[in-house]
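1. The sequence isn't on hand, but the structure is:
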Ligand SMILES: Nc1nc2c(ncn2[C@@H]2O[C@H](COP(=O)(O)OP(=O)(O)OP(=O)(O)O)[C@@H](O)[C@H]2O)c(=O)[nH]1
Ligand SMILES: [Zn+2]
């Protein structure tokens, strides 16, 4: 798996190599194949892929896709394996983590915020706060549906952090509902997943009041 470089502050903090202009050796995205497909799409919609404004578009789209779908080639174990000792038996919540993902039905963006919280494990290990945001990006940067994004984040926390409890709430606007189809810009979809002690009504209510108390 590609390691993360904290010094790179490109568009994606989690995927510096793929965000650059060069084709990383470790990149698993087949850019020439994307380029050929994008040229076909341009032809299919009745455009001229050789006109000035479009001639570099297949290359640009391939580069953008390598970045947008980089999460397919990153393993959550890599980010969540960095823990440190800290005795903390209460909720830790990182809220309003912004992200962009791609609807797997229409390949257009959906975007919003994720709120990710957990009650650390009994062994006194916690993860760095930024790792929770990196976790969101790993799953967001794939073809997704919002429900799966939500449960994948919570399941990774359960698997690698062994928390006493975990909660993930995701709020999104789907471009496939805004710019096309039903055309309802501003409609928000909210999904949540809870595990362990976060099922307890009082603990869950505390988490939800922290999440909603903006
Ligand atoms: N549950 C869920 N549905 C989603 C998500 N993203 C997009 N969709 C929905 O996926 C559905 C796909 O429906 P289809 O009837 O197969 O496709 P469509 O004809 O393009 O549907 P419309 O969007 O209604 O025009 C739509 O209702 C979308 O709103 C998501 O993250 N979760
Ligand atoms: Zn869609």
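-> That came in fine, so what should we check first? Since the structure is predicted, the reported quantities are computational estimates derived from the model, not experimental observations. Ligands and ions are numbered 1, 2, ... in the order given.
2. Please make it C-alpha for all contacts and neighbour counts, starting now.
-> Fine.
3. what about the residue of the chain found nearest ligand 1, how many neighbours?
-> Per Cα to the nearest ligand atom, the residue of the chain with the smallest distance to ligand 1 is residue 145, at 3.2 Å. Neighbour count of residue 145, defined by other Cα atoms under 10 Å: 16.
4. list the contacts for it?
-> Residue 145 makes contact with 102-104 under the criterion Cα atoms under 8 Å, 6 or more residues apart in numbering.
5. Nearest to ligand 2 among the residues you listed?
-> residue 103 (4.6 Å; Cα to the ion).
6. ok, the closest residue to the closest one other than its chain neighbours - contacts?
-> Excluding its sequence neighbours, the residue lying closest to residue 103 (Cα to Cα, 6 or more residues apart in numbering) is residue 144, at 5.2 Å. When contacts are counted by Cα under 8 Å, 6+ apart, residue 144 touches 101-104.
7. quick revisit: in strands, which of the contacts of residue 145 fall?
-> 102-103 (DSSP state E).
8. In a markdown table: the contacts of residue 145, plus pLDDT.
-> Rendered in a markdown table, the data for the contacts of residue 145 read as follows (pLDDT from 0 to 100):
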| residue | pLDDT |
| --- | --- |
| 102 | 98 |
| 103 | 98 |
| 104 | 98 |
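9. For the contacts of residue 145, give me TSV that also has neighbour count and distance to residue 211.
-> Shown next, in TSV, are the contacts of residue 145 (neighbours: other Cα atoms under 10 Å; distance: Cα to Cα, whole Å):
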residue	neighbour count	distance to residue 211
102	23	24
103	20	24
104	14	27
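10. check the contacts of residue 145 against ligand 1, which are close?
-> Of the entries in those, those that also sit close to ligand 1 under the rule Cα under 6 Å from any ligand atom are residue 103.
11. Looks like residue 179 contacts residue 186 (just checking).
-> No: counting by Cα atoms under 8 Å, residue 179 sits too far from residue 186 to count as a contact (10.6 Å).
12. if I look at the residue of the chain positioned farthest from its centre, how far off is residue 43?
-> No residue in the chain sits farther from the centre than residue 51, which is 34.6 Å out by Cα atoms, centre = their mean. In this view, residue 51 and residue 43 are 11 Å apart by Cα to Cα, to the nearest Å.
13. Repeat that for residue 72.
-> With distances taken as Cα to Cα, residue 72 is found 28 Å from residue 43.
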